[in-house]
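> below are the sequence and a predicted model for it; my questions follow.
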Amino acid sequence: MMSFNRVKAGICLLCFFMVAEVSVSKAQKLTLYDLTSEYKQNPLGIDNQHPRLSWKIRTALKDVVQTAYEIRVANTSKELTDAKKLIWNSGKVATDQSIHVIYDGGPLASASRYYWQVRIWDNKGNVSAWSEPNFWETGFLKAEDWKAKWIQNKASAQNEPGPVPMFRKDFQLKGDIKKARLYITSLGLYEAYINGERIGEAYFTPGWTSFHKQLQYQVYDIFSELKRGYNSIGVMLGDGWYKGNISGARNLYGNEPALLAQLEVEYSNGEKDVIVSDGNWKTTMDGPISMSDIYNGESYDARKELSGWTSPNYNDAQWVKVEVNNQIPYSNLVISAAPPVTSHERIQPIRMITTPKGEKVIDFGQNLVGWVQFTVNGKGGENIQISHAEVLDKEGNFYTENLRAAKQKISYTLKGTGEETYHPHFSFQGFRYVKIEGAKEKITEDNIEAVVLHSNMRPTGTFETSNALINQLQHNIQWGQKGNFLDVPTDCPQRDERLGWTGDAQAFFNTAAYNMDVAGFFIKWLKDLKADQFASGSVPHVIPYFWEREQGGSAGWADAATIIPWDFYQAFGDRKILEDQYGSMVKWVQFMTDNSTDYLWSKGWHFGDWLFYIPNDDRDGRAAITDKYLIAQAFYAHSVQLMINAAKVLDKQEDVAKYETLLKNVKAAFVNEFVTNSGRLVSSSQTAYVLALHFDMLPENKRAQAAERLVENIKSYDNHLTTGFLGTPYLCHVLSRFGYDDVAYTLLLQETYPSWLYPVKMGATTIWERWDGLKPDGSFQSKEMNSFNHYAYGAIGDWMYKNIAGIRGIESAPAYKNFIIAPKPGGGLTKASASLETVYGKIVSSWEITGDNMQMDVEVPPNTRAQIVFPDLLTGTVKNEGGQSITDKALWVGSGKYQFTFKVKE
Ligand code: BGC
């Protein structure tokens, strides 16, 4: 017989296993992933004492809400489990907050790594395991951390385009290396190499900012490039935005490129070494790149390559000593907030053409932004020239007139020592076609490819329907975004412009935030918007700003100062962006108030509803002109409304009251000036009605008839839109809001000019600047202003995600903490499917109609809730995935996957 004690022990052991099993399975029910610090995964440079931490929750359970978290932070991942070594332990904090949780521990040291992990509790009694350790690493938190000197090659201080200065330094490392970092920036663009290896995957570094106010530096982990003993670093500096050709001028920020580099090495024995740019570096201008310019391309003579220049033992006797420049400040140095520009798709030619003019042209089948890369074999001195263009003309010849002064041309001279591969370094091109000249026969369809470059934003949205033309439109919108999100949000990526036009950026922001993770990209750009805002409060037309004369304050452009922070807050739930931009928002609204008389803003120069519809022959006045001051007043009101919203979020009650009074007055002035007693607007254009309705400018009792007038107007143009840059983003939203989804679909599906699908039918692979950039007969609308890669009209993407797929946020619960799934089938579509990776996780909304049955599939991320609104087509009752009937037309659900089926009117 078993003794009592042994039985007891046995029972206890059993209990232990049971408890252990319960807690393991409970822990496994919740996993944490996608941990970020300041929107970045394991970032190497954070220059803020209170980084914000976010995580996502994965679980197979339904209806999961986080009820508490605990975060711990330590100097090493091992120390995370040692309570005595922790730098910060948040303790168990009862909250559902899983994004932007502020690190609230002690001061952070420069150039140091901090490991962190988090665990959470949920509303079902589960607790997650601790997440995998993640880290953030600080950059230089104070200017004195920079020991490096700014160095230059005096010969590079030329006004005209010239050869690229190169810098090098050999150095010795005396022990085994444990950790190594390179902190680097430049005036001009840098490309750095260590021991023959290119450092990092970023291009166009240090990026384009308002250089005198903030100049970004980057941090690289160079552990694997370094070795004990002799090492070498080499850096080339291209003109870039700093001193290259921008918008018809050169040397906008200065004419002498400069380099600042600091390598910090920690040996296994704990000792440290710092290698810095200083007077001991050497420089030459006698390398292979004789010209490199953002717009104009690059000239490269491979015979002049300096083989081994970034490796030790290179003979640099011909090189000269650098000049140290102590005048260049350190105080404006900031870590990059934005993701770097990196390479993405590699696109192969789809055909080779000989044009009627006899030109040798390669077609890549996609209008894109980046450069070509080719591998050739030939004799030393043979020269290949490659020009880039977006379109062919009516006759099928290579067409570059729309590039205006931008040459977009590369010239490559062969070395002649076997196989040689080349792509440009400090220049990008917007193109679908390339023309090959010089030693033409060297380039074939097999040895050239196009490399796509853009800011490395994670794709977040997918969108597909049963209509191939709409799918192509979505493709074009996404490619418009890729092409124009190259470090700054540009109007276009090909002609002599490529500037951060504020109006285009605000029009497209919401669509952009569906398609890709644009958080870091816009944090950086908004900092420049704030830095470049004029003392008057006016906001420049382009950011970064560089024109001498104050040019700004245009309605719908300058409002980027209020619109983007608010839309950003909606997309990412980031209160800090509102805190950071609030002062700038206030100044912009004050500017409009200062320039108003009796609350009517009727001063200043405005772009108006840029590129609205104008027929070729306008004898009966069909051009859709909208009074510019009507537009200005509507945007004035909109900006004031956004101030009210921001002030509420930031709990600035006095401001809320102040702006509410202002808003009443601004709207009253609008009605007084631009609305007749019967509710007609002084401009009978679609844009006038769209803005008046979207921004709630009209008294309630005049709105329905204004919407009717809008619809009549659309019909009077034979179901065509006539809106320009400012009316277009809101047009379909207004129609949907006032019950005209059918008209919105008619516009969306319209295939003749002006419409979104006309360019698609004409073979567009990106969004065009003009509704009719290419006429039906193949001729061009204009020579001067005719970009085939301009994202502004792509703003319809926002309506497509929100209405066709039906994924829309709720203002009071930003970042899709609460959201709506309300698809609106229409336009003959039989299915649509979209997903959005939010800061909480993935939302999915897809639907399909087969005969008179409709099925909806929905995914709601953990820690969020969604209201499902069934479409108006619904007849009868809805059944859920478990076969239960749902009688309501709408219902709230927690996280999980759901399926609904029901009958619809045919
Ligand atoms: C740009 C536009 C910009 C506009 C201002 C153009 O040259 O390409 O997209 O917004 O100027 O109206």
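All right, it came through fine.
> what are the ranges of the strands in the stretch 1-150 of the chain?
Secondary structure of the stretch 1-150 of the chain (DSSP state E, counting those that start in this stretch): strands at 31-37, 52-58, 66-74, 88-89, 93-94, 101-102, 113-122, 134-137.
> I'd like the average pLDDT over the last one.
Along strand 134-137, the predicted local confidence has a mean pLDDT of 98.
> what of stretch 417-425?
Rounded mean pLDDT across stretch 417-425 is 97.
> just stretch 76-88 next, same as before
Stretch 76-88 comes out with an average pLDDT of 97.
> end-to-end on it?
In stretch 76-88, first residue to last residue: 13 Å (C-alpha to C-alpha, to the nearest Å).
> just give me how far that stretch sits from the chain centre.
Remark: stretch 76-88 is offset 36 Å from the chain centroid, using C-alpha atoms, centre = their mean, to the nearest Å.
> would TSV of the strands of the stretch 1-150 of the chain with mean neighbour count and distance to the ligand be doable?
Heads up, the C-betas are built off the backbone N, CA and C, glycines and all. What follows is those, written out as TSV (neighbours: other C-beta atoms under 10 Å; distance: least, C-beta to the nearest ligand atom, whole Å):
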stretch	mean neighbour count	distance to the ligand
strand 31-37	18	32
strand 52-58	22	33
strand 66-74	21	43
strand 88-89	14	46
strand 93-94	10	45
strand 101-102	16	37
strand 113-122	22	42
strand 134-137	22	37
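> same list, the ones you listed, but as a markdown table with distance to residue 486 please.
What follows is those, written out as a markdown table (distance: least, C-beta to C-beta, whole Å):
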| stretch | distance to residue 486 |
| --- | --- |
| strand 31-37 | 23 |
| strand 52-58 | 26 |
| strand 66-74 | 35 |
| strand 88-89 | 38 |
| strand 93-94 | 40 |
| strand 101-102 | 32 |
| strand 113-122 | 30 |
| strand 134-137 | 26 |
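> out of these, nearest to residue 783?
Among the strands of the stretch 1-150 of the chain, strand 31-37 comes nearest to residue 783, with 46.1 Å by C-beta to C-beta.
> give me the angle between that closest one and strand 52-58.
160 degrees (axes from the mean of the first three to the mean of the last three C-alpha atoms, to 10 degrees).
> burial of residue 178, as a residue count?
14 (other C-beta atoms under 10 Å).
> give the bridge partners for residue 321, please.
residue 282 (DSSP bridges).
> near the ligand, which residues of the stretch 501-650 of the chain?
Contact residues, the stretch 501-650 of the chain versus the ligand (C-beta under 6 Å from any ligand atom): 501, 503, 504, 607, 610.
> show me what residue of the protein gets nearest to the ligand.
In the chain, the residue that lies nearest the ligand is residue 491 (3.5 Å; C-beta to the nearest ligand atom).
> residue contacts, the closest residue to that residue other than its chain neighbours?
In space, and not counting its chain neighbours, residue 491 is closest to residue 501: 4.2 Å by C-beta to C-beta, 6 or more residues apart in numbering. The contact partners of residue 501, by C-beta atoms under 8 Å, 6 or more residues apart in numbering, come to 489, 490, 491, 541, 542, 557.
> noted, bye for now.
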